[in-house]
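S.K.: what's the 3D shape of this:
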Amino acid sequence: MIPAVPTGGRVVAVGVDIADVGRIRAALARDAERFARRVLTTHERAYCFGRPDPAPHVAARFAAKEAVIKCLGGGCGLRDVEVVRALTGFPSISLTGRAAIRANGCRVLISLSHLPDLATAFAVLIEAEPIL
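M.R.: Residues are numbered from 1 along each chain as shown. Predicted structure coming up:
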C-alpha cells in the first residue's frame, strides 16, 4: 500500500482545536464578508461559500488554522495558514508569512472533521527529512 503522505521525519509538535459551528454561523450571519476577510484566504472563501452550507466548512478551516498555530507556538495570523484541498479531496496545509518562518522548513499534516454542531482539526508538525 502506498502512503497518502510522505513518511519519515520527527514529530516536532501537535495541535488540536474544536470550533463551534453555531458560533461561526452567527458570525457569518452578522457580517460574512468581514469575518471571511479576517479568517480565510481567497481560495478558502471560494471553496466554503461555494458549498450549500458554508458554516461547517468555515468552522473546520478555523479549527485547522488554530491547530496549526498551536503547533507553531503562536506568533502568526490566521491567514498565514491555508487549508488546500487536493484533487482527491484530502486537505493539506500551505504556510505563508510568519507561519512559514516559524515552521522553519517543517511540514504540517492535517486532519479535519465536522458534524452539524462541531468542527475539529488535528495538526502535526513534522521535521524535514535530511537529504542524503
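
S.K.: Contact partners for the residue nearest to A60 when sequence neighbours are not counted?
M.R.: Leaving aside its sequence neighbours, A60 sits nearest to A119 (Cβ to Cβ, 6 or more residues apart in numbering; 4.1 Å). From N, CA and C alone the C-beta is placed, and that goes for glycine too. By Cβ atoms under 8 Å, 6 or more residues apart in numbering, the contact list for A119 reads I18, A19, V21, I24, P56, A59, A60, F62, A63, L112, S113.

S.K.: Among these, give me the pair with the biggest separation.
M.R.: Greatest spacing in those, by Cβ to Cβ: I24 and S113 (14.8 Å).

S.K.: Show me what the residue nearest to A60 bridges to in the sheet.
M.R.: With DSSP bridges as the criterion, A119 is bridged to A19, H114.

S.K.: and if you look at the one 5 residues further on?
M.R.: Beta-bridge partners of V124, counted by DSSP bridges, are V14, L109.

S.K.: Count the residues that sit near it.
M.R.: Neighbours of V124 under the rule other Cβ atoms under 10 Å: 21.

S.K.: Quick check: mean pLDDT of the helix or strand hosting F122?
M.R.: Following DSSP states H and E, one finds F122 within strand 118-126. The average pLDDT within strand 118-126 is 97.

S.K.: Point out where the protein drops to low pLDDT.
M.R.: Applying pLDDT under 70 to the chain picks out residues 1-8, 130-132.

S.K.: which stretches of it form strands?
M.R.: 11-20, 81-85, 91-95, 107-114, 118-126 (DSSP state E).

S.K.: Tell me how far V81 lies from D117.
M.R.: 23 Å (Cβ to Cβ, to the nearest Å).

S.K.: neighbour-wise, which of these two wins?
M.R.: Each of V81 and D117 has its neighbours counted (other Cβ under 10 Å); V81 has more, 30 against 11.
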